[in-house]
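Colleague: Next input, structure requested:
(one chain, ligands or ions: 2)
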Amino acid sequence: MTITYLGHATLLVEMNDKKIMFDPFISGNEMASDIDIDSLEVDYIFLTHGHQDHVLDVETIAKNNPKALLVSNFEIITWFGEKNIKGHPMNHGGKYDFDFGTAKYVTAIHSSTLPDGSNGGNPGGFVLYNESNSIYIAGDTALTMDMELISKTCPKLDIAVLPIGDNFTMGYEDAAIASDFIACDEIIGCHYDTFPPIKIDKVKAVEFFNKKGKKLMLPDIGESITI
Ligand code: NI
Ligand code: MN
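Modeller: Ligands and ions are numbered 1, 2, ... in the order given. You can find the predicted model right below:
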C-alpha cells in the first residue's frame, strides 16, 4: 500500500493496484501548487464530508477520470449525482466490498454543509482494508470515544491518517490519544498549516508523539509513504 500526501487532507492511497483519492482540495491550496491536478489518475474519489476544503476539486478530477466512482455519505452522493457524477452512497457503521478491498464508513465529530449550503449529511471517516493492508482516514473530527470501536470492528490497522491542526479538528495532543483508541502507533498527520488558524509547530508535534513511543509522519506535499 502506498499513501501519497497531496496537501491539507488530500491523499492518494494505492491498494490492490487501485488508486483511491481522498478529499481533493488542490487548486485552492497555494502550498500544493506543484501538484498537477490534470495528471492525477484515480479509480475512486472518497469524500469524508461536504466542506469546500474537502470537495473543491471533485468535479475537475471526476471529469478527467470518467470511470472513477465517488464514495461518500448518501447526501453528498445525491448532491454530486445532480451534477452527473456517479457515486456509491454509504452511511455510518456500514461497510461495502469494492474491488480493492472493504471500506467502512465510521463516525466523525464535525459538520458537513456543502459549498452551496445544501445538507451534506453527517461527516465520517473511512477504514479501508483487504488481506494485506488496513488504513483509517479519520476525516475532520474531534477526538471521540467511538474511535475505540474501530479496533473492535475492523482488522488491526497498519497506519492511520489523523487531523492534527487544531481549531477546526483535534490537535496533535488529542490525535495522540486517538492513536491509543484505534490501537495504532503509526500516524500520518494532516489538516494543518494550510490556513492561519491551523498552523502548528511541527517539531513539537513530532516530539510529542515520540515521547509516547508513537510515530507521527508529516510527509511533504507530493511525498509517498509505502508500507
Ligand atoms: Ni471540515
Ligand atoms: Mn476541513
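
Colleague: and the chain, which residues reach ligand 2?
Modeller: 51, 53, 140 (Cβ under 5 Å from the ion). Every C-beta, even on glycine, is put in place using the N, C-alpha and C of the backbone.

Colleague: Format those as JSON lines; extra columns: secondary structure and pLDDT.
Modeller: Shown next, in JSON lines, are the residues of the chain next to ligand 2 (DSSP: H, G, I helix; E, B strand; the rest coil; pLDDT from 0 to 100):
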{"residue": "His51", "secondary structure": "coil", "pLDDT": "98"}
{"residue": "Asp53", "secondary structure": "helix", "pLDDT": "98"}
{"residue": "Asp140", "secondary structure": "coil", "pLDDT": "98"}
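
Colleague: tell me which of the residues you listed is nearest to Ile221?
Modeller: Proximity of the residues of the chain next to ligand 2 to Ile221 (Cβ to Cβ) peaks at Asp53, which lies at 14.6 Å.

Colleague: Look up how far Gly139 lies from the closest one.
Modeller: Distance of Asp53 to Gly139, computed by Cβ to Cβ, to the nearest Å: 11 Å.

Colleague: between the residues of the chain next to ligand 2, which has the most around it?
Modeller: Counting neighbours by other Cβ atoms under 10 Å, the top entry in those is Asp140, with 26 neighbours.

Colleague: Please report how far it lies from Ile225.
Modeller: Distance, Asp140 to Ile225, using Cβ to Cβ: 21 Å.

Colleague: And Val55, by the same measure?
Modeller: Per Cβ to Cβ, Val55 is found 24 Å from Ile225.

Colleague: So between these two, which is more surrounded?
Modeller: A count of neighbours by other Cβ under 10 Å puts Val55 above the other of Val55 and Ile225, at 24 against 14.

Colleague: For Ala160, give the beta-bridge partners.
Modeller: Tyr136, Ile187 (DSSP bridges).

Colleague: wait, it sits on Ser134?
Modeller: No: with contacts counted by Cβ atoms under 8 Å, Ala160 stays clear of Ser134, the gap being 9.3 Å.

Colleague: so where does Glu59 fall, helix or strand?
Modeller: helix 58-64 (DSSP states H and E).

Colleague: Pull out the buried positions in stretch 211-219.
Modeller: Residues of stretch 211-219 classed as buried: 214, 216-219 (neighbour count, 16 or more other Cβ atoms under 10 Å).

Colleague: which pair in the residues you listed spans the largest distance?
Modeller: Farthest pair in these, by Cβ to Cβ: Lys214 and Pro219, 16.3 Å.

Colleague: residue boundaries of the strands in this structure?
Modeller: Here the chain has its strands, by DSSP state E, at 2-5, 11-15, 18-22, 44-46, 69-73, 87-90, 95-97, 102-107, 124-129, 134-137, 159-163, 186-190, 215-217, 224-226.

Colleague: And the nearest residue to Lys104 once chain neighbours are set aside, how close does it get to ligand 1?
Modeller: Nearest residue to Lys104 in three dimensions, chain neighbours excluded: Lys95, at 3.9 Å (Cβ to Cβ, 6 or more residues apart in numbering). Applying Cβ to the ion, to the nearest Å, one obtains 23 Å for the distance of Lys95 from ligand 1.
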